[in-house]
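A.B. asks: no FASTA, just this:
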């Protein structure tokens, strides 16, 4: 199972949640960024329909693969 770890950090004069090297939009307060990260984490636990997904890996290569829709990641949020 995939593991996703969001961190809430200062960003662009405000706060954002971050996954690896990718930032969310900035929020005016740390609490707002934390609430948004928790909402995103909850939404990612909701199963979806089977579909085909495309993604780019760290080396820049694109991949296409099936997703069952019920293989949700394990997620945590670090304030």
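C.D. replies: Noted; the coordinates are in hand. Because the structure is a prediction, the values reported are computed rather than measured. Numbers count the residues shown, from 1 in each chain.
A.B. asks: tell me which element residue 34 falls in.
C.D. replies: Under the criterion of DSSP states H and E, residue 34 resides in helix 30-44.
A.B. asks: what packs against that helix?
C.D. replies: For helix 30-44, the contact count by 3 or more CB pairs under 8 Å, 6 or more residues apart in numbering; DSSP states H and E identifies strand 3-11, strand 14-19, strand 74-78 as packing neighbours. To be clear about C-beta, it is placed using only N, CA and C from the backbone, and glycine gets the same treatment.
A.B. asks: looking at those strands, which has the lowest confidence?
C.D. replies: Among the helices and strands packed on helix 30-44, strand 74-78 carries the lowest mean pLDDT, at a mean of 85.
A.B. asks: which parts of that strand are buried?
C.D. replies: Of the residues in strand 74-78, 75, 77 count as buried by neighbour count, 16 or more other CB atoms under 10 Å.
A.B. asks: stretch 24-34 now?
C.D. replies: Buried positions in stretch 24-34, judged by neighbour count with 16+ other CB under 10 Å: 24, 27, 33-34.
A.B. asks: distance to residue 46 added to those residues, as TSV?
C.D. replies: Output for the buried residues of stretch 24-34, formatted as TSV (distance: CB to CB, whole Å):
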residue	distance to residue 46
24	19
27	23
33	21
34	20
